[in-house]
Structure formats: C-alpha cells, structure tokens
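# Got a predicted structure plus its sequence, pasted below:
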Amino acid sequence: MNNLVSIKQLQPEQMIALVKRAAEMKKDGIPRLDEQYYISNLFFEPSTRTKTSFEMAERRLGLEVVPFDAGFSSALKGETLYDTVKTLEAIGLDALVIRHEEDGYYEKIIGKTNVTIINGGDGSGQHPSQSLLDLFTIYEQFGSFEGLNVLIAGDVSHSRVARSNADALTRLGANVHFLCPPEWKGEFEAIHDWDEMIETCDVVMLLRVQHERHDEEMAYTKEEYHERFGLTVERERQLKEDAIIMHPAPVNRGVEIASELIESPKSRIFTQVENGVYVRAAIIEMLLHGRNGR
Ligand code: CP
C-alpha cells in the first residue's frame, strides 16, 4: 500500500494490525526508520491535533520534516493542489500528509504521483488516521469491537469522523447508532432522543457542531442544543459503569458535551490525542517501510 486516503482501503485485519502496532509503540517506544525519508504536512484547513501529532510521529520515526505553510504558499496565487503535489515531488519529498476542504481531493492526485499521500481529512469525506486512533482507544478499553454499542452523536452529516468510524466499526462487528437533530441526519439513520440508548451504549462518541460547514444559522441556541442533543451531566450518570466518552475534538464546551465531563473518569478525549501519535507513527511506518528500496 502506497497511500492511505480512506479507511475503506483497509480490511478489518489490516485495521487491527495497525491498532496492535500502535499499542506496541505506545508500550516500547517509536523506533526510527532505517532509511532517510522527507515528509511535509500540507494543511489547507485549520488543525491542532492532526498536524502536530503527525509531526511528532514523523520526528520520532526520524523523518526529515520539510515545513509547508499553506497560508503562505503559491496556493494563494492560484496554484492547484495537483500542481503543488507535483512540485513537491520534483523537489524530492517522499510523502505528504494533506488536509483539504474539498471532499475526495485525492482522487485527482492518486495514480499521477509517486509521492505517498496520507489523508489528514478531506471536507466532509474521510479522516482515516482519526478513525484508527479512535479504534485504538476503544480497543484499549474493551479488547475487541464485536457487539459493542457505539453511539455517534452530533453533527453527523458534516462529519468525516462519523463517516470513517461508522464504516470501520461496522466492519469490525460493532453496532453503530447515530443521534442528531432531525435536519442534520444526512444519509444516516438517526435517533433524536438520548433516552433510546443512553443506558445501553458502551461508547458515546460526540461530534463538534461544524458551523463552518453549515449554510444557515443553527436553529438552536447553544443552551437548547446542549439540553436536547448534548451529553449533559445528568445523562452521563445514566451511562453503564464501563462506558467511555470520546470526542475527536476540538470541543465546543457546554454545547455537545458539558464542560465538566471533558476530563471526567469516563472521558478518553485526551487519551485519543495521545494515541494519535502512535497510530500515525504506525501508519507512516507501514507506508514508508522499504518504499524507496534503499
Ligand atoms: N480531530 C481533529 O482532526 O482535530 P484537528 O482539527 O485539531 O486536527
């Protein structure tokens, strides 16, 4: 495999292998790759976690990280993403991590470049490294996925995390459910009332309201949204003893989740961030190992 642009590329056994490799790295440390590789992180949308944890993983693997500032690049002069990728290939980059607002941006690139492409998130499409770190976090808690009840709650129709995770978790044997306001369900079958699932779910995965992807103002105040569709302190008390709370972050405190729950015992939100470094190192190792045949 030369690229990772969608979780759909990975068979269940490949997802599990990456999760187990990330777990090994978390326990024993991230080993340096045998060969010298050059990588750059092209983020055309804002990011804190994905960009920084990819860079941390790259440095710990011993890669040379070539700086790229999308906000000060020739993209501002109208250069296409395809031409940017071909330019960086000509300069000698081996791999690029790309986040871009266009759904499926990678379809215009894959097959026309030898640079390894890792998708750091495309519009409302896919976010495979987030999905794998979420799988790792669930695996750490439960040791398997078979039969787990996972409730993905929030702005599901705009969420690349919901799309990637629903696909991955379903193929791994989990029961995936969605909760959102009726008008935000998109292609998903969704419930709109927490009472239907709060006592039976093993994983509550909350999603940020992505105001930047909505054409219209939200029909609810922040307080109304939290009361109807958010994880409130009262609802958290109804969760099973060993249930966990997840969120890809960034978090809108007091909207999709009560602020005091973010660092509560059931929360794995900062564990997810920590696990992201190991999963991203495992992804890069898988894609680059032996790539240049040197
Ligand atoms: N979860 C996630 O993708 O966060 P960032 O936007 O900060 O990278």
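It's in.
# how about the nearest residue to Ala190, chain neighbours excluded?
For Ala190, ignoring the flanking residues on the chain, the nearest one in space by Cβ to Cβ, 6 or more residues apart in numbering is Phe178 at 4.0 Å. Glycine gets a C-beta too; all of them are placed from N, C-alpha and C.
# Around the ligand, pick out the residues from the chain.
If contact is defined as Cβ under 6 Å from any ligand atom, the residues of the chain in contact with the ligand are 47-50, 121, 130, 248-250.
# change it to 8 Å
Within the chain, the residues that sit near the ligand (Cβ under 8 Å from any ligand atom) are 45-53, 99, 120-121, 127, 130, 161, 248-250.
# So in this protein, where's the weakest helix or strand by average pLDDT?
helix 160-171 (a mean of 93; mean pLDDT, DSSP states H and E).
# List the buried residues of that one.
160-169 (16 or more other Cβ atoms under 10 Å).
# Just list what that helix packs against, helices and strands only.
helix 12-28, helix 128-142, strand 149-153, strand 175-179 (3 or more Cβ pairs under 8 Å, 6 or more residues apart in numbering; DSSP states H and E).
# now with 10 Å?
Secondary-structure packing of helix 160-171 (3 or more Cβ pairs under 10 Å, 6 or more residues apart in numbering; DSSP states H and E): helix 12-28, strand 116-122, helix 128-142, strand 149-153, strand 175-179, strand 203-206.
# average pLDDT across the last one?
What it means is strand 203-206. The average pLDDT within strand 203-206 is 98.
# As a check, name the ranges of all strands in the chain.
For the chain, the strands defined by DSSP state E occupy 38-43, 64-65, 95-100, 116-122, 149-153, 175-179, 203-206, 244-246.
# With mean neighbour count as added columns, please give these in TSV.
Formatted as TSV, these follow (neighbours: other Cβ atoms under 10 Å):
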stretch	mean neighbour count
strand 38-43	21
strand 64-65	15
strand 95-100	24
strand 116-122	24
strand 149-153	23
strand 175-179	21
strand 203-206	26
strand 244-246	22
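# Ok, which of these comes nearest Lys86?
strand 95-100 (11.0 Å; Cβ to Cβ).
# Report the distance from that closest one to the chain centre.
14 Å (Cα atoms, centre = their mean, to the nearest Å).
# pLDDT below threshold where in the stretch 151-294 of the chain?
Counting by pLDDT under 70, the low-confidence segments of the stretch 151-294 of the chain come to 212-215, 293-294.
# Which single residue of it approaches the ligand most closely?
Pro248 (3.7 Å; Cβ to the nearest ligand atom).
# burial count for that residue?
27 (other Cβ atoms under 10 Å).
# How is this structure partitioned into domains?
Split into domains by automatic domain parsing, the chain comes to 7-127+273-291, 128-269.
# Centre of the chain to the first one, how far?
Going by Cα atoms, centre = their mean, the spacing between the C-alpha centre of domain 7-127+273-291 and its chain's C-alpha centre is 12 Å.
# what do you get for stretch 218-238?
On Cα atoms, centre = their mean, the centre of stretch 218-238 falls 23 Å from that of its chain.
# which residues sit against stretch 72-89?
Residues outside stretch 72-89 that contact it (Cβ atoms under 10 Å, 6 or more residues apart in numbering): 38, 40, 42, 44, 66, 68, 70, 93-96, 98, 100, 102, 105-106, 108-110, 112-115, 117.
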